[in-house]
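Chemist: after the sequence you'll find the predicted model.
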Amino acid sequence: MRAVIQRVKAAKVTVLDELVSTIGPGLCVLVGIKSSDTITDVEYLVRKILALRLFEDEGKRWQKSVKDLQLEVLCVSQFTLYHRLKGNKPDFSAAMKGEDAQQLYSHFLNRLCQSYDSSKIKDGKFGAYMQVHIENDGPVTIELESPQPKHSEECVDK
């Protein structure tokens with residue numbers, strides 16, 4: 001599971017010129033889900049997003065998290081984060097497909113709401129063609145990816 005996290009002064013999502021969600025200061029999080037992602041990946045991302053110290057405290061950088069400062073989080077599903085270039089054309093076959101991705105993304109949003117103040121968690125519209133407007137603060141942009149599972153080595157009889 002991958003997230004591109006941007007510290008923002010403000011952000012909003014529109015679909016067909018209709019406002020879907022808007023936040024003030026906080027984080028805009030673009031979320032990509034690959035086909036092998038599980039609830040373990042969701043838990044990792046939720047924990048990290050809420051704990052990342054991307055904000056100042058009394059003039060000192062990198063001291064406070066979005067949760068510490070009670071700021072808002074706007075999440076936007078974005079399958080294009082799992083692309084591979086085939087020549088000059090992107091291929092998105094590594095991304096989790098439709099309904100499965102929507103279920104895991106919904107679980108991700110639910111876990112964010114359970115781990116924080118649900119009134120501060122906003123969302124785009126899954127699967128829609130969206131316009132994401134951000135006023136980047138800094139700019140500060142962090143990429144985050146859940147760890148790959150470690151495969152245990154099997155003993156081979158000789």
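Modeler: Received the coordinates, thanks.

Chemist: skip ahead from the top helix by length along the chain and say which helix or strand is next.
Modeler: If you go by DSSP state H, the chain has its longest helix at helix 98-115. Heading C-terminal from helix 98-115, the first helix or strand you meet, by DSSP states H and E, is strand 121-123.

Chemist: any idea how far that following strand is from the chain center?
Modeler: For strand 121-123, the separation from the chain centroid amounts to 11 Å (computed by C-alpha atoms, centre = their mean, to the nearest Å).

Chemist: same for the next helix or strand after it, what does it pack against?
Modeler: Next helix or strand after strand 121-123 toward the C-terminus (DSSP H and E): strand 131-145. For strand 131-145, the packing partners by 3 or more C-beta pairs under 8 Å, 6 or more residues apart in numbering; DSSP states H and E come out as strand 2-15, strand 26-32, helix 39-51. Just so you know, the C-beta spots here come from the backbone N, C-alpha and C atoms, and that holds for glycine as well.

Chemist: please repeat the previous calculation with a cut-off of 6 Å.
Modeler: Under the contact definition 3 or more C-beta pairs under 6 Å, 6 or more residues apart in numbering; DSSP states H and E, strand 131-145 sits against strand 2-15.

Chemist: identify the residues contacting the next helix or strand after the strand it packs on?
Modeler: Next in sequence after strand 2-15, counting helices and strands by DSSP H and E, comes strand 18-23. With contacts defined as C-beta atoms under 6 Å, 6 or more residues apart in numbering, strand 18-23 is touched by Ala11, Lys12, Val13, Glu72, Leu74, Lys122, Asp123, Gly124, Lys125.

Chemist: any weak-confidence spans in this structure?
Modeler: In the predicted model, the chain carries pLDDT under 70 at residues 150-158.

Chemist: try it again with 50
Modeler: Low-confidence segments of the chain, defined by pLDDT under 50: 153-158.

Chemist: now for the contacts of strand 18-23, which pair is the farthest apart?
Modeler: Glu72 and Lys125 (17.4 Å; C-beta to C-beta).

Chemist: neighbour count winner among the two?
Modeler: Legend: neighbour count by other C-beta atoms under 10 Å for Glu72 and Lys125, higher for Glu72 (22 against 16).

Chemist: give the bridge partners for that one, please.
Modeler: Under DSSP bridges, the beta-bridge partners of Glu72 are Gly26.
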